[in-house]
Every structure is written in structure tokens, then in C-alpha cells.
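> task: produce atomic coordinates for the following.
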Amino acid sequence: MHVGTARTALFNWLFAKKNNGIFILRIEDTDKERSKKEYEDNILEGLEWLGLDYQEGPIRQSERGEIYAEYIKKLLDSGSAFYCCHTAEELGKEKEDQMQKKQAPRHKCNQESIMKNHESSVIRFKNPGGKIKFTDLIRGEIEFDADLLGDFSIAKDEDTPLYNLAAAIDDYEMKISHVMRGEDHISNTPKQLLICRAFGLEPPQYAHLPMILGTDKSKLSKRHGATAVTEYRGMGYLPEAMFNFLSMLGWSSGDDNEIMSREEIVKKFSLDQVQKSGAVFNIEKLDWLNGEYIRAMSLDALTEAVKPYLPQNNDLDLKKIIALEQPRMKKLSEIGESTKFFFTDKLEYDSGLLLWKDMGGEEVKEILDKLEALLDEIEEKDYVKDKLEKIIMPKAEEWGSVEGKVDRGRILWPLRVALTGQKASPGPFEVAEILGKKRCLQRVREAKNIS
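A predicted model of the protein is given here:
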């Protein structure tokens, strides 16, 4: 389930919720070569993760062959459809000739024959031509010249419909009132309308959503990053944030509020505010939004959510670690990298990282010696942020005084690096509280060897 499919499903879901309607899940799997069980499972998984519950379905087209066969027979019997025996080579040459003449590729069959046993024959719709008009709920009135479509294929045989025929029949059989889909389906609409007209069926109303574009304004693809919904879940995005983000891809709430609950989005949603132009998928915007949702989570909920990204067997207070990182997190998956120093027995970093400004190696060793002695004197029960700060800060001011100027960084920087091995990390007192006395002393001693 790619982002575009997810956004389309979301807009249909929102419209159904807003209008007290029914959201139906239809699996269009008539193309057996391109339809696999794992694809359907991925769709169901993506819908569940986003919280898009459906009231009917999944309805699989592959299980509705008898229904389609009845309709195909009606078309054949009425003369609205026929078997076409032109070979792939003949069709290819016809298309090539049309393109050379700068004509729209289409097939108009002059030979009609019933060849039920012909392996290469397909069933085509006998296009009556003329103009086709329909009102798109987003784009307004759209008109097509049906002659440009030619006699288009509608089935491989009497039991195997192609997309446009199956969709038109299902829309009628399932009493579909509204179809919201990507604008790349606009070209399918006149074919479906012609099919409905041939059966005397009332078609649904159509709304074609704007394409989702990459930041370079080209159609969103894998080169722009992950595109499957399940990939974003694995990368540490929250379903609430993705729901909120996807709802704004091509739709505006009419105000400046960008963080909205599901209930707010349903209440505000309207097709009148869906744009016609493409919607840019900005990953930085998604990161920001996801970070906002992370910061709004309770500590208990966030701790539970990040557990898959952390080592399982440890004796550390995870909640304290998560509390340190929560203000900075953009994705759940970041927690593993940003907190890995807590879970390792031995830190690896360059000795130069211990140096603060113009400090030399000997001075760092002296500072680490003093810090080791001081940390050893502090009782285990006092390894609490506020108490550690109260004890160590006066010493930092005393030991960090150079030529009458106090520079606490000369003490606190080597201490923090010794405890974390990182250039950027939480403060030394918060880290020391989580590590405890034994680990703090061990890391300061190891830092002396590194320096």
C-alpha cells in the first residue's frame, strides 16, 4: 500500500465519515499476474495501522467472475461488444503508424468475428463515439471525444473482465455513490461511462484527487524515499501523524491549524477544499509533525512505543532515558542511535573529543582524575540530577577558573563526553543519574585511558 493509495483511501474514508456513509474496501485483483496475497495483506495492514476501518469488504473482484460473465454476455448479445482477433503484431503496427501521424493511439476494429476458441482474441467494447461529459466534484465539467478511445478492450474472455468493465459493474452492483481516486484515472472515466450507458446504469459521482509529487515536482516514486505505508511505520512514524499529514496532501482545512485530531479532520473535511494542482510530499514536514505528536504522548505510551528500537535486556530506567530524548525526537527509530551509549559496556570515541577549546591532553587527565575522586565520594543514593548538580557545579567553577575567568565547560565537557562518548547528548547530570555510580566511575576511568 503506497502513499498515494493510502491518501486516496483516507479521503474516501473521511468523506464517508463526514456524510454518515459506508466506506467499502474493494480489492481489484482481476489481473492475476499482478495480484498476490502478500499485496492484499499489505493493504489490509496499512489500513489497520492508519485506523481506516471499512464497513463492507474486503470484496475481491477475483471472486465475482459469475457476475461479470452475465454482464459480458449481455454486451456480446446486444452487439455492444465483440471478439477481436487482431494479433499483437497487428495492433503494435497500428499503434506505431498512429503515433508517426501524431494521432492518439486507438484501435477501431473493422473485422468482427465470434472466435470463442481463439487464444489471442480479446473482447472489445464497440465504441459508439460522440462526446462524453461528466462533472468532476473537484475539477468541474470535463469533456472527452469518445472517438479518440477507439474500440477498447474490456475482457480477456467471457470470465475475465479487465479493470474498466469490472469497476463499472461493481460500482453499480455495490450501489457506490461516490468514487474518489487519483487524477491518473481521469482517462478511465469516459470508458466506464460508456459501459454504464450501454447497460443503462446510473454511474456514480467522480472526484479525481491531485497527484502526490516529490519535492522536485515530479510524480512521487521510490527515488524520493520510502513510499509504502508499512515502510514509514518501520521508520518510526506514528499512525496519528501520518493520518494528519496525508489528510493535508491536497486538502486544506481552511485555517492555519496543521495539527488536528481525526475528529477535527472529519468535521472540517470537504471536497470543495481539495486542490486541483499536485500536492508535494515534504518529508521534512512529516518529520516535524511526527515530532509534535511524539512530544504530545504520555511517557508511558512513548516508552512502550520505542521498545522495539531498544535493547531488550537491560537494568536501566527506560522512562528516564525516554524522557531525556522526547523533546528532541522526530521519529521513534531515532531512539536507538541517540541512546545507544546507555546500553553499551564500552564506549568508542576519539580522544580529541574530550578536549574543551584550548585544553591539552595533560589537563584533561588531571580533570578526569579530580572527577573520578569526586564521583567516588558521592553516595549512590545521591546520584540524582539535582543533587549531582549541587555537588559538582561548585567544583566545576573552582577547577574551571583560568586567569580569573570561570569556564565550567573545562570540567563539564570532559565529564559529559566520558559518560556518553558523544559530541551532542543530554547533560552530564541527567546521564549520570541514569547510569548510576558504578557505570559513571567505570566510564571516567576508561576516558583516562583514552586520553
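> quick one: buried residues of the helix or strand hosting I67?
Secondary structure assignment for I67, by DSSP states H and E: helix 65-78. Residues of helix 65-78 classed as buried by neighbour count (16 or more other Cβ atoms under 10 Å): 65, 68-69, 71-72, 75-76. Bear in mind the C-beta positions are built from the backbone N, C-alpha and C, glycine included.
> okay, now the unreliable bits of the stretch 151-300 of the chain?
225-226 (pLDDT under 70).
> and stretch 151-161, how far out from the chain's middle?
34 Å (Cα atoms, centre = their mean, to the nearest Å).
> list the buried ones in it?
Here stretch 151-161 shows 151-155, 158, 160-161 as buried, counting by 16+ other Cβ under 10 Å.
> contacts only, for the residue at minimal distance from the centre of the chain.
Centroid-nearest residue in the chain: V229, 4.0 Å away (criterion: Cα atoms, centre = their mean). Neighbouring residues of V229 by Cβ atoms under 8 Å, 6 or more residues apart in numbering: 1-3, 6, 46, 49-50, 242.
> now do 10 Å
Residues counted as contacts of V229 (Cβ atoms under 10 Å, 6 or more residues apart in numbering) are 1-3, 5-7, 9, 42-43, 45-47, 49-50, 237, 239, 242, 246.
> nearest residue to it in space, please, no chain neighbours.
In this structure, V229 finds its nearest non-sequential neighbour in G46, 3.9 Å apart by Cβ to Cβ, 6 or more residues apart in numbering.
> show me what contacts that neighbour?
By Cβ under 10 Å, 6+ apart, G46 lies in contact with 1-3, 5-6, 9, 52, 228-230, 232-233, 239, 242.
> can you say which of those are buried?
1-3, 5-6, 9, 52, 228-229, 232-233, 239, 242.
> among these, which lie within helices?
3, 5-6, 9, 229, 232-233, 239, 242 (DSSP state H).
> which of the residues you listed sits closest to Q205?
Distance to Q205 across these (Cβ to Cβ) is lowest for A9, with 17.8 Å.
> list the buried residues of the helix ranked longest in the chain.
When the chain is parsed with DSSP H, its longest helix is helix 428-450. Neighbour-count burial for helix 428-450, counted by 16+ other Cβ under 10 Å, picks out 428-435, 437, 439-441, 443-444, 446-448, 450.
> state the helix or strand in which the nearest residue to N257 once chain neighbours are set aside lies.
Counting by Cβ to Cβ, 6+ apart, N257 lies nearest to E264, which is 8.0 Å off, once chain neighbours are set aside. Assigned by DSSP H and E, E264 falls within helix 262-268.
> packing partners of that helix?
helix 3-18, helix 239-247 (3 or more Cβ pairs under 10 Å, 6 or more residues apart in numbering; DSSP states H and E).
> what sits up against it?
10, 13-18, 50-51, 240, 243-244, 246-248, 251-255, 257, 260-261.
> try 6 Å
14, 17-18, 247, 253 (Cβ atoms under 6 Å, 6 or more residues apart in numbering).
> would you list every one of the helices in the stretch 351-451 of the chain?
361-377, 385-399, 409-420, 428-450 (DSSP state H, counting those that start in this stretch).
> the inter-axis angle of the shortest one versus helix 361-377?
Here helix 409-420 runs at an angle of 70 degrees relative to helix 361-377 (axes from the mean of the first three to the mean of the last three Cα atoms, to 10 degrees).
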